[in-house]
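Participant: I'll drop the sequence and a predicted model, then ask my questions.
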Amino acid sequence: MFLGPDASGRRLEGATTAVEADTAWAIRYEIRLDGDWLTRSARVVGRSASAPRRELTLESDGAGRWRIDGQPAPHLDGCLDVDLESSALTNAFPVHRLGLQVAQEASAPAAYVRAFGLSVERLEQHYRRLENDGTRQRYGYAAPALDFACELLYDEAGLLLDYPGLATRAA
């Protein structure tokens, strides 16, 4: 993963791979955020052994209106973040953007991109700031539609250290 500033905010590049239902897949992505941690665009390229190469472009006006491959996507109205199923990084966007204090909570619906097939759906998400673990920030995270909840742990720079069952930073 690369995280660096550009003229308009932040640009992130990364890649993930996995095996799902006995099929290997790989995702490459580039995400652009503005200075307030709002997703402005995402370009995702997916490949698998069982499907042709697929490319997807998401664009946001920063106020919750989206376009997918240039076409309006009203089912995403109100989403301020992109969340890639294949990347633990994207949960950091609402964490930074919301700036929650301990015991505060907020809903943060996202444009959720499935890894296999690159379909895009609205995903209701909820974050609750928990007591710190030393200098590390802790958040309760829930995505009810996926029947998923966990505790996320971030380092002092706001980068994910642990996403139970999905990702752990090695170094």
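Facilitator: It's in. Please read these numbers as outputs of a predicted model, since none were measured by experiment.

Participant: I'd guess Arg97 is in a helix, am I close?
Facilitator: Yes - per DSSP: H, G, I helix; E, B strand; the rest coil, Arg97 lies within a helix segment.

Participant: ok, it - contacts?
Facilitator: 36-38, 80-81, 108 (CB atoms under 8 Å, 6 or more residues apart in numbering). (Glycine included, C-beta is placed from N, CA and C.)

Participant: His75 now?
Facilitator: Per CB under 8 Å, 6+ apart, neighbours of His75: 121-122.

Participant: and it, what's its pLDDT?
Facilitator: His75 carries a pLDDT score of 98 in this model.

Participant: secondary structure class for it?
Facilitator: Taking three-state DSSP, the label given to His75 is helix.

Participant: re earlier: and which of the contacts of Arg97 is nearest Ala51?
Facilitator: Distance to Ala51 across the contacts of Arg97 (CB to CB) is lowest for Asp81, with 26.2 Å.

Participant: does the closest one really touch His96, like I thought?
Facilitator: No - using CB atoms under 8 Å, Asp81 makes no contact with His96, being 10.0 Å away.

Participant: more neighbours: which of those two?
Facilitator: Asp81 (26 against 13; other CB atoms under 10 Å).

Participant: relative to Trp25, how far out is the more buried one?
Facilitator: Going from Asp81 to Trp25 by CB to CB, to the nearest Å gives 23 Å.

Participant: report the contact partners of Arg122.
Facilitator: By CB under 8 Å, 6+ apart, the neighbours of Arg122 are 75-76, 79, 109-112.

Participant: what's downstream of the helix or strand that contains it, the next helix or strand?
Facilitator: Taking DSSP states H and E as the definition, Arg122 sits inside strand 120-123. Downstream of strand 120-123, the first helix or strand assigned by DSSP H and E is strand 126-133.

Participant: tell me the strands beside the helix or strand hosting Gly14, with direction?
Facilitator: For Gly14, the host element (DSSP H and E) is strand 9-20. Note on strand 9-20: by DSSP bridges, its sheet partners are strand 2-6 (antiparallel), strand 23-33 (antiparallel).

Participant: for those strands, which has the smallest mean pLDDT value?
Facilitator: strand 2-6 (a mean of 47).

Participant: pull the number of nearby residues for Gly64.
Facilitator: 14.

Participant: and if you look at the one 4 residues further on?
Facilitator: When neighbours are counted by other CB under 10 Å, Ile68 registers 18.

Participant: now do Arg114
Facilitator: Neighbours of Arg114 using other CB under 10 Å come to 14.

Participant: that one contacts Glu121, doesn't it?
Facilitator: Yes - counting by CB under 8 Å, Glu121 is a contact partner of Arg114 at 7.4 Å.
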